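1. Dropping the sequence and predicted coords here.
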Amino acid sequence: MTTDAGQGPPRPTSMRERIVRTASEMIRTKGVSGTSLREVVTAAGAPRGSLQHYFPDGKEQLVTEALLWAAAYASGRVVRAVDRLDPPTPGGLFTAMVDQWRGQFRSAGYAAGCPLVAATADTVAINENLRAAVSRAFDGWHSSVASALIELGVPAARSDSLALLMLSTLEGAIVLARARRDLGPLDAAAAELAPLLDAAARPRRRRNRTDHQAGNTIGPEEGEGH
């Protein structure tokens, strides 16, 4: 995940939240194994002893909360992207998600990626609790995208699979863009997937004034095809 164009996440409202957010940002660049608790405390400006106070179960608890925070933030960003779409289309949503990463890489370089991908690479084979946490974080993000697709006209029966395709494509493009230090993978992902997503959406019904007053929809030859 990254920040919205022109603005970052909301300012943390507590020291605990600041520590969680700082850990999430560090995981983006250093992974789980490279993120030390001491560095998190220093970067967050937290007092000594705060980790033990807020996270008595140690690094695993902090990393879990950092990953879930990142997923919740990404889910909220999906909602905000839908609200700004004009016209509101599934392809437009995916392009907006890609644009957030284009903006991130242009402004800050390629050092930071998605914390969920970083955590997956670090933990899936060695820590079942963190693997489960990453999976839960992805599930939350996936659910928000699927709900947005339904709102944008995609049949519910296809929303889960297409949301999964969107996240898989986006994450793969992010990894390739970072490895190549090149926006080309993101550009290709948006160009190729957006039309496919738009084709999956039901055409919006159109009504003329008489039909609207009568409460009847117009026929397929003028509106929605089947």
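-> Received it, and whenever you're ready, just let me know what you need.
2. drop to CA atoms for contacts and neighbour counts, all remaining ones
-> Will do.
3. Tell me which residue lies nearest the centroid of the chain.
-> Nearest residue to the geometric centre of the chain (CA atoms, centre = their mean): Ala74, 3.8 Å.
4. element containing that residue?
-> Assigned by DSSP states H and E, Ala74 belongs to helix 59-84.
5. Just list what whatever helix or strand comes next after that helix packs against, helices and strands only.
-> Downstream of helix 59-84, the next assigned helix or strand under DSSP H and E is helix 90-108. Applying 3 or more CA pairs under 8 Å, 6 or more residues apart in numbering; DSSP states H and E, we find helix 90-108 packed against helix 59-84, helix 156-180, helix 184-200.
6. Check the ones you listed for me and report the most buried one.
-> helix 59-84 (a mean of 20; mean count of other CA atoms under 10 Å).
7. could you say what helices and strands that one packs with?
-> helix 15-30, helix 90-108, helix 115-123, helix 128-151.
8. Nearest to Ala201 among the ones you listed would be which one?
-> With CA to CA as the measure, helix 90-108 is the member of the helices and strands packed on helix 59-84 nearest Ala201 (7.3 Å).
9. Mind listing residues that contact the closest one?
-> Helix 90-108 is contacted from outside by 1-5, 78, 81-82, 85, 149, 152-154, 166, 170, 174, 183, 186-187, 190, 193-198, 201, using CA atoms under 8 Å, 6 or more residues apart in numbering.
10. Looking at that helix now, give me its mean pLDDT.
-> Here helix 90-108 scores 98 as its mean pLDDT.
11. cool, and stretch 188-199?
-> Stretch 188-199 shows a mean pLDDT of 98.
12. who's in contact with it?
-> With contacts defined as CA under 8 Å, 6+ apart, stretch 188-199 is touched by Thr89, Pro90, Gly91, Gly92, Phe94, Thr95, Val98, Leu162, Met166, Thr169, Leu170, Ala173.
13. Redo those residues as CSV? Include distance to Ala133.
-> Shown next, in CSV, are the contacts of stretch 188-199 (distance: CA to CA, whole Å):
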residue, distance to Ala133
Thr89, 31
Pro90, 28
Gly91, 29
Gly92, 30
Phe94, 25
Thr95, 27
Val98, 24
Leu162, 23
Met166, 21
Thr169, 21
Leu170, 20
Ala173, 23
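14. Tell me the one of those residues nearest Gly45?
-> Nearest to Gly45 out of these is Val98 (CA to CA; 32.0 Å).
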